[in-house]
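Q: Quick one: sequence and predicted model below, then my questions.
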Amino acid sequence: MLSSMMNKTSIKTSSNGVWQGDNPLDYAFPLLIVQTILILFVCRSLAFLFKPLHQPKVIAELMGGVLLGPSAFGRNQEYMHRIFPGWSAPILESVASIGLVFFLFLVGLELDLNSIRRSGRRAFIIAVAGISLTFTLGVGVSYIFRKTVDGADKVGYPQYIVFMGVALSITAFPVLARILAELKLLTTGVGETAMAIAAINDVVAWISLALAVALAGNGGDGPSKSPLISIWVMLSGVVFVSFMVVAVKPAMNCVARRWSSQHEAGGEAYVCLTLGGVLVASFITDFIGIHAIFGAFVFGLTVPKGGEFSGRLIARIEDFVSCLLLPLYFASSGLKTDVAKINGAEAWGLLVLVITAASAGKIIGTFAVAMMCKIPARESITLGVLMNTKGLVELIVLNIGKDKKVLNDEAFTILVLMAIFTTFLTTPAVMAIYGPPRRLSTAAGHRRHSISNNSSDELRILACIHSPTNIPSLINFIESTRSTTKSSRLKVYITHLVELTERSSSIIMVRRWRKNGLPFINRLRQVTELSNQVALAFQAYSQLGRVIIRSAKAISSLATMHEDICHVAEEKMVAMIVLPFHKRWRKIDGQDEVEIVGQGWRGVNRRVLEEAPCSVAVLVDRGYSGGGAPAVQNVCILFFSGPDDWEALELGGRMAEHPAVKVAVIRMMTSSSSSSSSYSKGERQSFNNTAITNMNPLAEKENDEVGELEEFISRWEGRMELTAKVAANTIEDEILAIGRSGDYNLIIVGKGLCQVAQLSEHPELGPAGDLLASSDLGIVSSVLVVQKQLFSQAKVPKINLEEDVIV
């Protein structure tokens, strides 16, 4: 084939096009594009397939490379020569290495070494035990490999020991965090201990990797060189690190300060200067004989961890590096893996030996010392299995070892397969040992909590927020709902919803949340600042004596966030969950601008509405905010019929107890009938104890409930006004007129099934809520859509959410 015979010096960057007779795959840049597209497609497809198995993304990327390489598709020589010819490998690896360099810069940027010492003595002892035993077993495995694998004895024994020991004893922190998140163990005791141990493993791994690279030299390639060269390499590395700490770190502090003061004008120059510094530092470490990634990593450590500068750097490069370039590095490792190199029973025996040594060292070492530290047996064995997770550092070690000729093709393939196998088995092993998360009550007749059936003297509400803009409206809602009488007090659980994604900063976010001070990403200090804002905002209400505030956090992917919310609601026995709408209205130059927070949060709201164990309210905020004690507020309740409307009425009755809130109840009727279809009082009570799987307005019994409604209003001694409004034209026109009038700060409406034409813009809010939440109908009032949960509850996994603030 032409591509296989090409001289590397004759390779051109781009073609003249197929119309001029050129095959784009014979040119470097078009071929790189095709390779990248193919790798991303295969890796993302495998990630989708592995998702139900709770497998981390690194497994899909490694398996994608193995499938595309000589182990599977590459057995077709035509495919390999055309898509992955030998001359293209340096180009692909160079692009992947650029991504690796900047990824390691991000790791250094997110890492606070000072906080490692706060990880705890117990975590440190367990980490050292697991590393030491595994490294010792690695020494024995090295001896067997040198006697068995062809060519392994040509490499110096110290180099081989270091590479093999490091490869077996590493634990991948980001991969471990992802597994814990998938299993809902992040905020449990075993999860926190595992994270602390893995963080220490991370530091030891980087130090060991630096030592391995310094000792490797040229491996088994060419004549042996003096051991003094390794000493000079290590000394040069020490000088480089010292220079970075003494000279570059103060300079970067100055850069960060200058950027913060003028980032609107000329601040981009400092960002470019920093990114250029990453490349310069990488070149220097490569020049002195240490891999380029160390320069980027150390340079990241010098960037100040406070302020907005580090956050801007991460925002600029993280997605591009993590989503596009880094998968190329994992896939290139898979492309180098040829399962055919493991030939014969002896080679497969070596694979079993390596897997056994790596697993036994981590599991036994961690388990034994954890038991000595009085950790229960089940948690101890779980920690051991979790510590056997491999990832990025493992692959870096193996790739450097292969490049330095310390590891040949057979040894490299065995160790890559070991990393895939041990990581793949981690999730099912933990689920088998530690057990799946406990489930909430799912009985068909399980009692649903609501305001109307709340028999205690305490009303419990779970209020969710996911940005600082949710705080003012939430404060106003709680103040309006606060009872000023001695009959009932209000207890509010403020839950900050934090999205956990596959981005590295999201993984590091978990460190920031933990109390033992592990390395963290400081731009997410605003997450903690948000929690502090919540605590301070509600501190004044503690003086009122009738409000208890508890603050919690839910860190999860949006796909499972509803499970966390439902669990807290069930565990705390709240009567209502209050969710922020996925749209926000802001005044810009006197005009209302709609900002969509994200469709992902809309999906969270939908799933909570479907599965909540209590009533749910969605707050559509159009300026429903105010200071500590608001002025007189006008609240309107649109009453049609049905359980949702009666639940909204109960909430309005609660608000009517506040002297600064005026509540008006408007009973909506059509001109053809002065009575609406309804449920009687006894029938409404039966809804509290009966699960209903379907509601049809046509099946509701016709019943005049005017007397009952008037009786309810009379209980509030003139603090609620009842008005019957007969629609002259259509119900829609009357609802729009009320929403556009501006007479009410808040309109409360049941999700219900009122006879309103469905707009279907927001079907999860019901017909009336959908109409009032519309973006382009001129509605000016904020809206609270209430649903009384009547449906059979889906299974909701139980997680452990930690209470942080009690005001």
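A: Sure thing, it's come through.
Q: Just want the most central residue of this structure.
A: Leu500 (0.9 Å; CA atoms, centre = their mean).
Q: wouldn't that residue be in contact with Thr560 here?
A: No - contact criterion CB atoms under 8 Å: Leu500 and Thr560 do not qualify, at 9.1 Å. Using the backbone N, CA and C atoms, a C-beta is placed for each residue, glycine as well.
Q: quick one: least confident helix or strand in this protein?
A: strand 803-806 (a mean of 34; mean pLDDT, DSSP states H and E).
Q: And the pLDDT for Asp776?
A: Looking at Asp776, its pLDDT reads 77.
Q: That one belongs to a helix?
A: No - assessed with DSSP: H, G, I helix; E, B strand; the rest coil, Asp776 is coil; it does not lie in a helix.
Q: tell me the phi and psi of it?
A: Here the main-chain torsion angles of Asp776 (degrees, to the nearest 10) amount to phi -130, psi 30.
Q: how deep is it tucked in, by neighbour count?
A: Asp776 sits with 7 neighbouring residues when counted by other CB atoms under 10 Å.
Q: Could you do Ser14 as well?
A: 11.
Q: Just give me the neighbour total for the closest residue in space to it that isn't next to it in sequence.
A: Once flanking residues are discounted, Ser14 sits nearest to Phe29: 5.0 Å by CB to CB, 6 or more residues apart in numbering. For Phe29, the count of nearby residues is 13 (other CB under 10 Å).
Q: Wait, Phe29 touches Ile11, no?
A: No - counting by CB under 8 Å, Phe29 stays clear of Ile11, with 10.2 Å between them.
Q: For stretch 396-415, buried residues please.
A: 396-402, 404-415 (16 or more other CB atoms under 10 Å).
Q: ok, back up a step: distance of the residue nearest to Ser14 from His291?
A: Applying CB to CB, to the nearest Å, the value for Phe29 to His291 is 26 Å.
Q: And the helices in the stretch 251-400 of the chain?
A: 268-288, 292-302, 309-320, 326-335, 345-372, 377-386, 392-403 (DSSP state H, counting those that start in this stretch).
Q: Let me see the mean pLDDT of the second one.
A: Translated: helix 292-302. Averaged across helix 292-302, pLDDT comes to 87.
Q: For it, which outside residues touch it?
A: Here helix 292-302 makes contact (CB atoms under 8 Å, 6 or more residues apart in numbering) with 97, 100-102, 104-111, 113, 206, 210, 213, 237, 240-241, 244-245, 248-249, 252, 277-278, 280-286, 396.
Q: can we see that at 7 Å?
A: By CB atoms under 7 Å, 6 or more residues apart in numbering, the surrounding residues in contact with helix 292-302 are 100-102, 104-109, 111, 210, 241, 244, 248-249, 252, 277-278, 281-286, 396.
Q: the inter-axis angle of it versus helix 268-288?
A: 140 degrees (axes from the mean of the first three to the mean of the last three CA atoms, to 10 degrees).
Q: Helix 292-302: how far from the chain's middle?
A: Distance of helix 292-302 from the chain centroid (CA atoms, centre = their mean, to the nearest Å) equals 26 Å.
Q: do the longest one as well
A: Mean-position distance between helix 345-372 and its chain equals 31 Å (CA atoms, centre = their mean).
Q: Show me what that helix is packed against.
A: Contacting helix 345-372 under the criterion 3 or more CB pairs under 7 Å, 6 or more residues apart in numbering; DSSP states H and E are the following elements: helix 121-148, helix 157-169, helix 377-386, helix 409-434.
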